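Trainee: Got a sequence here, can you build the structure:
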Amino acid sequence: MIMERYANRSGGSGVYAYSIGLDCIHVKFSGNAKIYQYSYTGKAGQKHVDNMKLLAQKGSGLNTYINLHVKYKYD
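Mentor: Purely as a prediction, here's the structure:
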């Protein structure tokens, strides 16, 4: 899997990189080797995954969104 470096426009995000799939998003956090998958069919659900995809591409707000809505809803 090829991951794209998160833009981190605010400068304080814990997100390091991400990869967008058709029905999921993979997120790698700074200082952590594990890659977390959030998917349509998993606990996160399509609404949250789609929001996360948009925020990842925007380069801002992804870490906050994860902490508020899907922190432990990874697959």
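
Trainee: how about the helices in the chain?
Mentor: Secondary structure of the chain (DSSP state H): helices located at 45-58, 62-65.

Trainee: could you measure residue 12 against residue 29, distance?
Mentor: In this structure, residue 12 and residue 29 are separated by 13 Å, where distance is defined by CB to CB, to the nearest Å. (Glycine included, C-beta is placed from N, CA and C.)

Trainee: Neighbour count: these two, which is higher?
Mentor: Neighbour comparison, residue 12 and residue 29: the larger count goes to residue 29, with 17 against 8 (by other CB atoms under 10 Å).

Trainee: residue contacts, the one residue sitting closest to the centre of the chain?
Mentor: Centre of the chain computed as the mean C-alpha position; nearest residue by CA atoms, centre = their mean is residue 27, 4.3 Å away. For residue 27, the contacting residues are 15, 17, 18, 35, 36, 37, 38, 52, 56, 62, 66, taking CB atoms under 8 Å, 6 or more residues apart in numbering as the criterion.

Trainee: nearest spatial neighbour of the fifth one, skipping sequence neighbours?
Mentor: With CB to CB, 6 or more residues apart in numbering as the criterion, residue 36 has its nearest non-adjacent residue at 4.2 Å, and that residue is residue 74.

Trainee: wait, isn't that neighbour in contact with residue 35?
Mentor: No: Residue 74 sits out of contact with residue 35 when judged by CB atoms under 8 Å, with a separation of 9.5 Å.

Trainee: do you know how far the residue located most distally from the centre of the chain is from residue 63?
Mentor: In the chain, the residue that sits farthest from the middle, by CA atoms, centre = their mean, is residue 11; the gap is 16.1 Å. Counting by CB to CB, the separation of residue 11 from residue 63 is 11 Å.

Trainee: count of neighbours near the closest residue to residue 61 other than its chain neighbours?
Mentor: With sequence-adjacent residues excluded and distances taken as CB to CB, 6+ apart, residue 61 is closest to residue 55, at 4.6 Å. Residues near residue 55, counting by other CB under 10 Å, number 20.

Trainee: OK, contacts around residue 55?
Mentor: The neighbourhood of residue 55, defined by CB under 8 Å, 6+ apart, consists of 61, 62, 65.
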